[in-house]
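Student: next come a sequence and a model predicted from it.
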Amino acid sequence: MSQPDAHTVRNAVIATVVGGIILAGLGLLWPPAKEALGVVKSTALYMWQMLFTDYSVPGWSLLAVALMAVAALGMV
């Protein structure tokens, strides 16, 4: 009896590496993709700064509350 999901972690790692190689090559081959990847990178960095900047309520706690609210709405 064979197990079809015996190597799920290995397959996920391989898929992630292949996806990274494709994204790296895409920026070199198609200039609009390079610009779009730059926008995604700058947006991710901005979101990271927003989550960990000092406020009266930390951004990560607001994110946690928002995720719980979305989960609660999904259960209704």
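Tutor: Received the coordinates, thanks.
Student: quick check, pLDDT for the residue nearest the centre of the chain.
Tutor: Among the residues of the chain, the one closest to the centroid is Ala44, at 8.7 Å (Cα atoms, centre = their mean). Listed pLDDT for Ala44 reads 92.
Student: before we move on, what about Ala15?
Tutor: Note on Ala15: pLDDT of 94.
Student: the helix or strand hosting it: how far from the chain's middle?
Tutor: Assessed by DSSP states H and E, Ala15 sits inside helix 8-29. The chain centre lies 14 Å from the centre of helix 8-29; the measure is Cα atoms, centre = their mean, to the nearest Å.
Student: repeat that for stretch 26-46.
Tutor: The answer for stretch 26-46 is 14 Å, by Cα atoms, centre = their mean.
Student: may I see the buried residues of that stretch?
Tutor: By 16 or more other Cβ atoms under 10 Å, stretch 26-46 has no buried positions at all. Quick note: C-beta positions are derived from backbone N, CA and C, even for glycine.
Student: who touches that stretch?
Tutor: Applying Cβ atoms under 8 Å, 6 or more residues apart in numbering, the external contacts of stretch 26-46 come out as Leu23.
Student: any idea how many residues pack against the nearest residue to Leu63 once chain neighbours are set aside?
Tutor: Distance criterion Cβ to Cβ, 6 or more residues apart in numbering; nearest residue to Leu63, sequence neighbours excluded, is Leu51 at 6.3 Å. By the criterion of other Cβ atoms under 10 Å, Leu51 has 13 neighbours.
Student: quick one: Ala64 from Leu28, how far?
Tutor: 38 Å (Cβ to Cβ, to the nearest Å).
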